[in-house]
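>>> Give me the fold of what follows.
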Amino acid sequence: NESGEYSLSGVPAGEVRLAVSFTGLHAQTAAVQVAAGQTARQDFNLTRADAAAGGGIVKLDEFVVAASREMNKDITTAPRALPRGTAAFIAENVTVNAGRDVRVTARERINVDVTVGGIGAGVVGVGAGISIVSTDTPVTAYIGTGATISAGTVVSTGIVWVSAVLETKVDLTSFVGTAAGAALGAAVAVVSDDSDVTAYVASTGVNPTRVQQGASLGVIASSDLDVEALTPNVSVGGLAVGASIAIITLEGSTKAHIADDARIGQSSGATVGDVTVKADSNYDAEVDAWAVSAGLAAGLTANVGSATLTPTVQAYIGKSAVVTVSGNVNVGALSKTNADVKVWGVAVSIGAAAGGSFATATIKPDVDAYIDNYASVTTSGGSVMVEAAHNKDGGAADARAMASGGALLSGQGAKAESEVKPTVDARLGTAAIVSASGSLTAQATSKNIAKSESDSVSIGGVAFGILLATAKIDDKTQTIVGQDARLT
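Okay, here's the model as predicted:
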């Protein structure tokens, strides 16, 4: 307990070895002889691990702050909003000296599997399957304002590591089947995410945070979202009407930074090796919406699928921060986005058949990597890289729509739209000072692919079809060196 008292029950008779430990104190062990049916007493007097130093700071072998949460949901009812939040931090004005690593890690893993459906039958059969999932999960890891951090005071490979990680996997299936004189069915699946993942070293001008020692400093934010929505619909009857709708919207942000006025590697007699500030975002959305309607008098389908991905990805070293290191400095904001939308419908009847399929895939990331105004970054033994990149390893907006049907009177229409509109900036700020013994690189890159395809087959005594397909790319990618920046 809080007084240091302990008790153990169920200990077998004979000699046992007892070990005790407490953060910041020397661990101890003792051999204790336990007689059958008797109580044995063993006291310990633990001393500070760093008592000989005579200071007010406890030196630790390794300092770890970790928060982790995993949710696995098998949901058969909807709508559903998931609980929020995971955080790990070192508080304001804390001093940490670690012989090895200092690690602050927040990690959340979400796995959701949603299946809902409806069946309708009778003279008039109505069926509906509707699933809605919304996630808004902040994952945060940070070192607080005014903290002083040293790693590797005993083992030189010790690092300072601040990381926030979110992994989300969502599978939605909404199905419906109807068979009746008049069969009406609707399948709907909607997913939205607006999660923020943030890793940072906080600081202010009047109370700067200091990272004094470590083989490396890593500030890493990572998001991995994989979302699928499937909406199958089958309607059969004298009059058959089916609608299938699947919508995915992924927003949110992934950010990593060293805040304004932070001091990295500014302690005499101690060094910081490499510095990495990285925000890595991976969004993947797959939509599959389809309906089949077969009616004696009429068959009608209406199908809509869309995926909209608008992540914000940001990595930076803040205004007036001072970073002096012996290794490499890497500031990177990396976004990978992929939207795959397939929508199709089939309507058949003896009398009339009509169908419409509409597919939309949209990608609009905002990606920024920079060393901010008046910051100073110096490396005596390495290179400096500032990189902002979108889909350099693949990813596309791909929309496909198909509408087919046959009847005495058949009309079908399909429309597919895809748009890729990234904003990608790599920047060295106004009056920033960047000095490297190796190379100095600032680059912004974007690889953009937009694909749209529409198909229609319409068969009948009177038959017509309408097809529309558009693909649009509007790319704003730039590298900026601010006024009065000094690069050496």
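>>> For the rest of this, base every contact and every neighbour count on C-alpha atoms.
Will do.
>>> The one residue sitting closest to the centre of the chain and Thr362: what is the separation?
In the chain, the C-alpha closest to the average C-alpha coordinate belongs to Ser223, at a distance of 1.9 Å (C-alpha atoms, centre = their mean). The spacing between Ser223 and Thr362, counted by C-alpha to C-alpha, to the nearest Å, is 19 Å.
>>> So which residues of the stretch 351-488 of the chain form helices?
Assignment of helices within the stretch 351-488 of the chain using DSSP state H, counting those that start in this stretch yields no ranges at all.
>>> For Ala259, grab phi and psi.
phi -70, psi 170 (degrees, to the nearest 10).
>>> Hmm, Gly318 and it touching each other?
Yes: Ala259 lies in contact with Gly318 (C-alpha atoms under 8 Å); the separation is 4.7 Å.
>>> Quick check: mean pLDDT of the host helix or strand of Gly237?
In this assignment (DSSP states H and E), Gly237 forms part of strand 210-250. Mean pLDDT, computed over strand 210-250, is 94.
>>> Now do it: distance to the chain's middle.
10 Å (C-alpha atoms, centre = their mean, to the nearest Å).
>>> ok, then the element right after it?
As the chain continues past strand 210-250, the following element, by DSSP H and E, is strand 253-258.
>>> Export that next one to CSV, keeping only CA atoms.
Coordinates of each C-alpha in strand 253-258 appear next as CSV, following Å, rounded to 0.1, in the frame of the first residue of the first chain:
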residue,chain,number,x,y,z
SER,A,253,-5.9,14.9,-38.7
THR,A,254,-2.4,13.4,-38.1
LYS,A,255,0.0,15.9,-36.6
ALA,A,256,3.5,15.7,-35.1
HIS,A,257,5.5,18.7,-34.0
ILE,A,258,8.2,20.3,-31.7
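>>> who's in contact with it?
Residues outside strand 253-258 that contact it (C-alpha atoms under 8 Å, 6 or more residues apart in numbering) are 194-202, 219-223, 277-281, 311-318, 321.
>>> Neighbouring strands of that strand in the sheet, and parallel or not?
For strand 253-258, the paired strands and their directions (DSSP bridges) read strand 196-201 (parallel), strand 312-317 (parallel).
>>> In TSV, list these along with distance to Ala40 and mean pLDDT.
Formatted as TSV, the strands paired with strand 253-258 follow (distance: least, C-alpha to C-alpha, whole Å; pLDDT from 0 to 100):
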stretch	distance to Ala40	mean pLDDT
strand 196-201	49	96
strand 312-317	58	98
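>>> Quote the end-to-end distance of stretch 244-255.
36 Å.
>>> Distance from it to the middle of the chain?
With C-alpha atoms, centre = their mean as the basis, stretch 244-255 stands 12 Å off its chain's centre.
>>> Repeat that for stretch 250-259.
With C-alpha atoms, centre = their mean, you get 9 Å for stretch 250-259.
>>> what about the protein, any weak spots by pLDDT?
Per-residue confidence for the chain (pLDDT under 70) gives these ranges: 1-3, 22-25, 48-61, 63, 68-84, 122-123, 125.
>>> Give me the distance between Thr488 and Asp136.
Thr488 is 43 Å from Asp136, by C-alpha to C-alpha.
>>> repeat for Tyr6
42 Å.
>>> cool, Ile264 as well?
33 Å.
>>> These two: which has the busier surroundings?
Set Ile264 next to Asp136 and count neighbours by other C-alpha atoms under 10 Å: Ile264 wins out with 25 against 17.
>>> Touching, the more buried one and Val322? I think so.
Yes: the pair Ile264 / Val322 is scored as a contact, 6.2 Å apart, by C-alpha under 8 Å.
>>> any idea how far Val313 is from the residue nearest to Ala442 when sequence neighbours are not counted?
If the residues on either side of it in the chain are set aside, Ala442 comes closest to Val386, at 4.6 Å by C-alpha to C-alpha, 6 or more residues apart in numbering. In this view, Val386 and Val313 are 14 Å apart by C-alpha to C-alpha.
>>> what does Ala128 give?
Taken as C-alpha to C-alpha, the span from Ala128 to Val313 is 38 Å.
>>> likewise Ala256?
Counting by C-alpha to C-alpha - Ala256 and Val313 are separated by 9 Å.
>>> same question, Thr115
32 Å.
>>> cool, Gly395 as well?
Taking C-alpha to C-alpha, one finds Gly395 at 16 Å from Val313.
>>> Which of these two has more residues huddled nearby?
Neighbour count, other C-alpha under 10 Å: between Gly395 and Val313, Val313 has more, with 31 against 22.
>>> Would you confirm that Ile317 contacts Asn373?
No: using C-alpha under 8 Å, Ile317 is not in contact with Asn373, being 9.3 Å away.
>>> Between the two, which has more neighbouring residues?
Ile317 (27 against 23).
>>> so that one bridges to which residues?
Applying DSSP bridges, one finds that Ile317 bridges with Ile258, Ile371.
>>> likewise Asp280?
Residues in a beta bridge with Asp280, per DSSP bridges, are Ser222, Leu334.
>>> Identify the residues contacting it.
Asp280 touches Ile220, Ala221, Ser222, Ser223, Thr254, Val313, Gly332, Ala333, Leu334, Ser335, counting by C-alpha under 8 Å, 6+ apart.
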